[in-house]
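Asks: Requesting a structural model of the entry that follows:
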Amino acid sequence: MTPITPSRRPPFLRRSWMFVPGLDAAAQADGLASGADALVADLEEFTAAADRPAARPRIAELFASCRAQGVVAAVRINKLEDDGMADLRGVMPGAPDAVFLPHAESPAQIAALDQAITALEAELGLPAGSTEIVPTLESALGVHRAYDILTASPRVSACLLAAEDLTASLGAERGKDGIELHHLRARFLLDCTAAGCLPIDCPFNYRDMPALEADVRWARRLGLKSKCATVADQVKLIHAVFTPAPDEVAAAHDCVARYEAQRAGRHDAERIDPPVYNTARRLLARHHQFERWAAERRAQAVPQQGDSA
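Replies: This is a model prediction of the structure:
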């Protein structure tokens with residue numbers, strides 16, 4: 001696995017990945033102000049080809065602002081056979097925490113990106129292996145080959161499932177309830193878990209907050225814990241759903257105590273079924289992960305956005 005620096009939020013605690021254009025200063029500022037765990041400056045879909053030469057050094061500078069606010073600094077480049085190599089060379093002086101590769105469909109693409117990053121880390125004097133790779137699965141072929149793609153490099157820390165391009169690849173019809181992608185989101189979670197990397201759920205590309213909440217709660221119920229965002233206003237809600245709330249933590253503690261009393265033979269204890277108990281234990285484990293991370297950051301005096309959101 002890619003070595004993670006002590007001040008970088010670990011992948012399993014990155015709830016939101018806010019995508020912003022590569023050359024839009026206002027959108028980048030809004031993205032940083034959103035409280036997102038990770039900011040992804042996009043050189044592919046959100047930046048016109050003519051604007052990429054100017055966007056690359058801007059993004060390299062943006063990474064410093066991300067780190068100053070405790071935000072994971074990421075970039076989405078183009079495919080290496082397109083503008084990807086120029087993108088990579090332009091942003092690597094800023095030492096990105098993670099590089100997203102779009103339209104991943106083969107392990108060879110990941111191996112080639114790993115090789116290119118390795119060479120640039122050595123050339124620029126960056127810590128070897130410090131740059132993570134995040135493939136994006138955007139086609140039926142990419143999803144079919146997911147496990148092989150995700151295990152093609154130890155740099156792969158997470159993976160993003162696309163929405164619009166993937167739906168087009170399948171010939172499906174989009175809807176706010178997301179039914180057309182439910183089966184693939186479940187399969188995606190399985191592949192990422194088997195490969196040991198963080199699954200980043202597909203973006204919700206509608207400006208409908210109640211529908212977004214329903215979508216994220218469905219994702220949480222499934223087991224997903226991280227989501228892509230393209231609208232800054234979505235981040236707060238994503239964090240609210242993916243972070244154990246105080247009342248949920250209190251209820252989980254109560255559930256565990258009741259179950260353990262039941263197991264100890266107390267006949268007056270309310271009956272708690274094992275699935276409820278196990279769900280409560282997992283919620284508490286997740287809560288303790290956030291608590292430990294916040295304590296570590298306070299000890300190092302490193303600001304982190306949204307730890308209690």
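Asks: residue closest to the middle of this structure?
Replies: Closest residue to the average C-alpha location of the chain: Ile200 at 4.4 Å, with Cα atoms, centre = their mean.
Asks: Now it: which helix or strand?
Replies: strand 198-200 (DSSP states H and E).
Asks: What lies in contact with that strand?
Replies: Under the contact criterion Cβ atoms under 8 Å, 6 or more residues apart in numbering, strand 198-200 has outside partners 11-12, 14, 17, 134, 157-161, 188-189, 191-193, 224-228. C-betas here are computed from N, CA, C, even on glycine.
Asks: Okay, and the beta partners of the residue nearest to the centre of the chain?
Replies: Leu160 (DSSP bridges).
Asks: what about it, distance to Phe242?
Replies: 11 Å (Cβ to Cβ, to the nearest Å).
Asks: Likewise for Asp82?
Replies: When distance is defined by Cβ to Cβ, Asp82 is 33 Å away from Phe242.
Asks: likewise Ala36?
Replies: 12 Å.
Asks: of those two, who's got more company?
Replies: The neighbour comparison of Ala36 against Phe242 (other Cβ atoms under 10 Å) goes to Ala36, with 29 against 23.
Asks: Determine the three-state secondary structure at the more buried one.
Replies: Three-state assignment for Ala36 (DSSP: H, G, I helix; E, B strand; the rest coil): coil.
Asks: which residue sits closest to it, ignoring its sequence neighbours?
Replies: Spatial nearest neighbour of Ala36, excluding adjacent residues (Cβ to Cβ, 6 or more residues apart in numbering): Met18 at 3.6 Å.
Asks: One more: Gly94?
Replies: When the adjacent residues along the chain are set aside, Gly94 lies closest to Ala60, with 3.0 Å between them (Cβ to Cβ, 6+ apart).
Asks: Quickly find the element holding the one you found.
Replies: Assigned by DSSP H and E, Ala60 falls in helix 52-68.
Asks: show me where pLDDT drops low in the stretch 1-150 of the chain?
Replies: 1-6 (pLDDT under 70).
Asks: just the helices in it please.
Replies: 25-33, 52-68, 85-91, 107-124, 140-144, 146-150 (DSSP state H, counting those that start in this stretch).
Asks: Any of the contacts of strand 198-200 buried? List them.
Replies: For the contacts of strand 198-200, a neighbour count by 16 or more other Cβ atoms under 10 Å gives the buried set as 11, 14, 17, 134, 157-161, 188-189, 191-192, 224-228.
Asks: one step back: from Phe46, how far out is the residue nearest to Gly94?
Replies: Remark: distance between Ala60 and Phe46 (Cβ to Cβ) = 17 Å.
Asks: swap in Ala98?
Replies: Counting by Cβ to Cβ, the gap from Ala98 to Phe46 is 17 Å.
Asks: can you tell me which residues contact Asp208?
Replies: Contacts of Asp208 (Cβ under 8 Å, 6+ apart): Lys176.
Asks: So what does it look like in phi/psi?
Replies: Torsion angles at Asp208 (phi, psi; degrees, to the nearest 10) stand at phi -140, psi 100.
Asks: Roughly how far does it sit from Asp165?
Replies: Distance, Asp208 to Asp165, using Cβ to Cβ: 21 Å.
Asks: which helix of this protein spans the most residues?
Replies: Of all the segments assigned as helix in the chain under DSSP state H, the longest by residue count is helix 274-300.
Asks: buried stuff in that one?
Replies: Counting neighbours by 16+ other Cβ under 10 Å, helix 274-300 gives 277, 280, 283-284, 286-287, 290, 293, 297 as buried.
Asks: Which stretches in the stretch 101-250 of the chain count as strands?
Replies: Using DSSP state E, counting those that start in this stretch, the strands of the stretch 101-250 of the chain run over 132-137, 158-161, 198-200, 227-229.
Asks: export those to TSV and tack on distance to Val143?
Replies: Below are the strands of the stretch 101-250 of the chain laid out as TSV (distance: least, Cβ to Cβ, whole Å):
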stretch	distance to Val143
strand 132-137	5
strand 158-161	8
strand 198-200	12
strand 227-229	16
